[in-house]
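quick one, what's the 3D model for this:
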Amino acid sequence: MRLTDTQRQTIQRIITDELGPAATVKLFGSRLDDTARGGDIDLYVELEEPVEHPAQLSARLSVRFMRAMQGRKVDVLLSSESQ
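Residues are numbered from 1 along each chain as shown. Alright, predicted model coming up:
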């Protein structure tokens, strides 16, 4: 996995701040390949409860991550029980 400890901690902090401790986040995509270089960060976020405006939440999370990671592009995919 090509994330620093600081990046992992930042991701977890933002997820907990926005969605609470029950939300889980997983890395997917090119960042799982330790031999690759560059690339955006792809995150899969699982929620226990449905989200009223998932596109807005995904965008808000993406912006928070990008700001916290000095502009690195972060894509956020949300999943909940009823979506």
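
now do the same contact list for the closest residue to residue 74 other than its chain neighbours.
Among residues not flanking residue 74 along the chain, residue 65 sits closest, at 3.8 Å (CB to CB, 6 or more residues apart in numbering). (Each C-beta comes from the backbone N, C-alpha and C, glycine too.) Applying CB atoms under 8 Å, 6 or more residues apart in numbering to residue 65 gives the contacts 10-11, 14, 41, 43, 72, 74, 76.

next step: those restricted to helices.
10-11, 14 (DSSP state H).

still on that earlier bit, quick check: buried residues in the helix or strand the residue nearest to residue 74 falls within?
Per DSSP states H and E: residue 65 is located in helix 54-68. Within helix 54-68, the residues scored as buried using 16 or more other CB atoms under 10 Å are 54, 57-58, 61-62, 64-65, 68.

same question for it, mean pLDDT?
Averaged across helix 54-68, pLDDT comes to 95.

now the strands for this structure?
24-28, 41-47, 74-80 (DSSP state E).

out of these, which is the most enclosed?
strand 41-47 (a mean of 19; mean count of other CB atoms under 10 Å).

so what are the sheet partners of it and their directions?
strand 24-28 (antiparallel), strand 74-80 (parallel) (DSSP bridges).

contact partners for residue 66?
Counted by CB under 8 Å, 6+ apart, residue 66 has contacts 72-74.

same thing with residue 41?
By CB under 8 Å, 6+ apart, the neighbours of residue 41 are 3, 7, 27, 29, 31, 65, 69, 72-75.

same check on residue 75?
29, 40-43, 62.

look up the pLDDT of it for me, please.
At residue 75, pLDDT is 94.

what pairs with it across the strands?
residue 42.
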